[in-house]
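Peer 1: what follows is a predicted structure for the sequence shown.
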Amino acid sequence: MVSIFAHNRVKSQRDVFASYGLALISVDDRKAAKLHDADDVHVQYFTWVGNKRIMAWMTGGFKNEKRAIYAYDIDGEDFVELVPPLIKGNKKQSAAALLRWAKMIPSRTLWPDRVLMARRKTGDAYEERRSWKYAGMEPVPGVYQLNTKTGEIALVRRDPGRTMEWFADKQGVMRVASGHAPEDYDTKGLLKNPSQYPAGRVYWIDDDNSVRPMSGIVFGENENFLPMGFDYEGKKFLFSGRQGKDRAAIYAYLPESDTVEGPLIANENVDVETGILSPWDGTVAGIRYWDGKATTIWLDPHLSALQTEIDSVLPEFTNTFTSWSLDYQRLIIRSQSSQEPGRYYLFDQKTGHLEQIYRSAEWLNPKALGQTEPIQFKARDGLVIHGYITRPPGKTVGDCLPTVLLVHGGPWSVRDYDLFDPETQFFATRGYAVLRVNFRGSSGYGKRFSELSRKQMNLAMQTDIYDAIDWAVAQKYSNPDRLVIAGSSYGGYATLCALTGMPDKFKAGVAFIPVSDIFEQIAGYERRGRDGERAAFWWKEWVGDPKTDKDLLTAASPINFISRIKVPLFLMYGDKDDRIDYERQNKQLVARLRHFKIEFTLHAPEGEGHGIQMEANRAKVFNALETFLKKNAPAD
């Protein structure tokens with residue numbers, strides 16, 4: 001048995017990206033061999049085909065140019081380009097992006113060299129013509145069997161209508177097609193009403209290849225329907241959804257009776273919506289959810305017993321089975337915590353031997369990092385809010401510590417967890433307690449929790465984080481005279497709102513890639529045409545419509561109140577940000593700061609987008625941030 005993993009590689013040139021290659025390690029003799037380590041290629045994703053063959057999705061570094069799919073044997077031989085890059089004029093596109101794994105296909109147990117892949121209908125006529133390189137192959141949407149040795153393909157199942165994901169049973173027979181309503185699209189594959197999200201559809205495919213809608217499943221924008229796959233016995237099709245209730249849970253579709261059973265697994269505090277898939281037969285082997293800390297429920301009783309055994313040996317970690325042999329005798333386990341980004345262990349059931357074989361960021365000393373604990377409190381309107389507090393190394397509860405309120409991005413479809421977070425540890429190792437809050441609108445806490453965030457930017461979403469810091473002060477976790485607020489993207493926006501709305505509460509602010517002008521943010525999406533219409537519609541629905549909610553959006557845009565800022569601000573933007581317009585929004589914020597003579601430190605590294613990808617820039621920005629904090633809000 002062998003284990004494959006992606007390893008971090010930083011190129012030696014100036015202003016370069018970290019990228020990933022592939023290395024193969026034998027779990028028998030621990031000898032390693034590089035499979036792919038080209039300077040100009042980043043391996044985005046890989047998967048096993050059989051026991052001796054691998055498929056890899058590769059791009060030209062983090063610039064995502066020339067994406068393609070390749071296959072090769074574990075000795076590096078028999079290299080085949082399966083899906084080439086697609087180039088349209090000067091615009092480099094990806095044929096690989098049009099091909100998607102048909103999820104949960106047990107190719108490794110059925111076919112040593114073949115896989116099932118799915119092709120979607122698109123609205124781009126050029127991509128429609130060029131999305132397959134194979135001569136004479138009509139680009140029909142559906143599932144194809146692909147021979148990774150020869151590149152030959154054969155249509156297995158035509159698309160019954162706008163399918164986004166396919167699922168097969170344990171025998172490799174396509175059974176479920178999940179996607180959108182065909183009637184919501186025109187003949188060119190474009191949405192008839194781009195501002196409205198298409199209705200959901202899910203179909204069952206019978207033995208005679210007839211297709212019928214699956215009954216009893218509730219669709220809707222806030223119903224969180226998420227198909228997963230078959231249970232480990234292969235008899236029921238499992239999915240997560242709210243089914244008209246507040247929180248998502250696990251349900252089963254019974255094909256024989258065309259009915260839905262459940263909820264099978266639910267939690268009173270959080271949505272249950274993460275499935276653990278078997279890497280061998282693609283079934284749903286287990287379910288994981290975060291109610292403060294991670295909880296894993298295995299559907300396979302054998303794996304459940306193994307989880308209990310491993311957790312008893314490594315109780316300080318969240319332990320995840322990343323792969324296992326067909327007979328379950330050997331498992332690769334990833335162990336994580338707030339102080340540990342990931343240790344990989346090999347467990348041999350025959351001998352009972354557990355051995356660490358790899359550690360991410362091995363230079364880190366967990367004992368020198370901050371310890372994270374889950375918290376909860378009530379917001380001013382009584383809503384229960386969850387989050388995490390990280391203490392600096394050597395500090396205990398009740399020390400009234402200088403504190404960084406670190407606000408996550410998103411804000412929707414994102415939340416904080418109790419796993420390793422680099423930014424949290426950056427502040428903690430410099431002497432700050434770090435408070436992170438899953439304010440209303442954060443994902444995973446139910447439909448009502450989500451709905452309570454509608455049109456509440458710089459209102460209840462913002463007061464949730466103020467209530468969090470007031471709670472931490474009352475608990476004597478935090479010193480009210482030594483507070484800093486920080487965040488990226490939405491977190492940067494929340495930082496600007498705090499400095500303009502509560503100018504005396506914090507000693508300093510740290511805003512990475514923040515939105516500052518809601519009107520301009522929505523206008524930016526609208527300027528993108530069809531590509532931005534869905535995002536513009538979302539913002540109008542959940543944040544506010546510039547035509548009908550002018551006063552609301554004016555109050556929610558911190559750029560209108562920059563003169564109120566009293567404390568130093570650390571600001572970072574990327575000049576290639578594709579989410580927040582650099583010229584129309586970022587530079588305008590800087591101009592306002594200068595006009596009102598606000599003290600600020602600016603870093604706008606060239607070539608960066610919505611975040612920092614270049615290692616040289618990352619080191620430069622965070623070194624400057626450390627200097628900024630020591631000057632304006634020291635922890636010691």
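Peer 2: That came in fine, so what should we check first? Residues are numbered from 1 along each chain as shown.

Peer 1: for the nearest residue to D169 once chain neighbours are set aside, list the residues it contacts.
Peer 2: Excluding the flanking residues, the one nearest D169 by C-beta to C-beta, 6 or more residues apart in numbering is R175, at 5.1 Å. To be clear about C-beta, it is placed using only N, CA and C from the backbone, and glycine gets the same treatment. By C-beta atoms under 8 Å, 6 or more residues apart in numbering, the contact set of R175 is F167, A168, D169, W204, I205, F230, F237, P255.

Peer 1: 7 Å instead?
Peer 2: R175 is in contact with F167, A168, D169, W204, I205, counting by C-beta atoms under 7 Å, 6 or more residues apart in numbering.

Peer 1: quick one: the helices in the stretch 51-200 of the chain?
Peer 2: Remark: helices assigned in the stretch 51-200 of the chain by DSSP state H, counting those that start in this stretch are 107-110, 125-130.

Peer 1: and the ones you listed, which one's lowest on average pLDDT?
Peer 2: Note on the helices of the stretch 51-200 of the chain: helix 125-130 shows the lowest mean pLDDT, a mean of 46.

Peer 1: so where's the longest strand in the chain?
Peer 2: strand 478-488 (DSSP state E).

Peer 1: any idea what A154 is bridged to?
Peer 2: Going by DSSP bridges, A154 is paired in beta bridges with Q145.

Peer 1: that one contacts Y144, doesn't it?
Peer 2: Yes. If you go by C-beta atoms under 7 Å, A154 and Y144 touch, sitting 6.4 Å apart.

Peer 1: check which helix or strand covers F427.
Peer 2: Under the criterion of DSSP states H and E, F427 resides in helix 422-428.

Peer 1: what's next to that helix, contact-wise?
Peer 2: Contacts to helix 422-428, defined as C-beta under 7 Å, 6+ apart, come from residues L369, G370, T390, P392, V404, L406, V434, R436, F622.

Peer 1: what mean pLDDT does the longest helix along the chain get?
Peer 2: Identified as the longest helix of the chain according to DSSP state H is helix 615-632. Helix 615-632 carries an average pLDDT of 93.

Peer 1: tilt between it and strand 478-488?
Peer 2: Per axes from the mean of the first three to the mean of the last three C-alpha atoms, to 10 degrees, the angle that helix 615-632 makes with strand 478-488 is 150 degrees.

Peer 1: now helix 615-632 - C-alpha only, CSV.
Peer 2: Output in CSV follows, covering the C-alpha atoms of helix 615-632 (Å, rounded to 0.1, in the frame of the first residue of the first chain):
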residue,chain,number,x,y,z
GLU,A,615,5.0,34.0,0.1
ALA,A,616,7.3,37.0,-0.2
ASN,A,617,4.3,39.3,0.1
ARG,A,618,2.8,37.4,3.0
ALA,A,619,6.1,37.7,5.0
LYS,A,620,6.3,41.4,4.2
VAL,A,621,2.7,42.2,5.1
PHE,A,622,2.7,40.3,8.4
ASN,A,623,6.1,41.6,9.5
ALA,A,624,4.7,45.1,8.9
LEU,A,625,1.6,44.2,10.8
GLU,A,626,3.7,43.0,13.8
THR,A,627,5.5,46.3,13.8
PHE,A,628,2.2,48.2,13.6
LEU,A,629,0.8,46.3,16.6
LYS,A,630,3.8,46.9,18.7
LYS,A,631,3.6,50.6,18.0
ASN,A,632,-0.1,51.2,18.3
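
Peer 1: which helices and strands does it pack with?
Peer 2: Under the contact criterion of 3 or more C-beta pairs under 7 Å, 6 or more residues apart in numbering; DSSP states H and E, helix 615-632 touches strand 569-572, strand 600-603.

Peer 1: recalculate using a threshold of 10 Å.
Peer 2: If contacts are counted by 3 or more C-beta pairs under 10 Å, 6 or more residues apart in numbering; DSSP states H and E, helix 615-632 sits against strand 2-10, helix 422-428, strand 478-488, strand 508-512, strand 569-572, strand 600-603.
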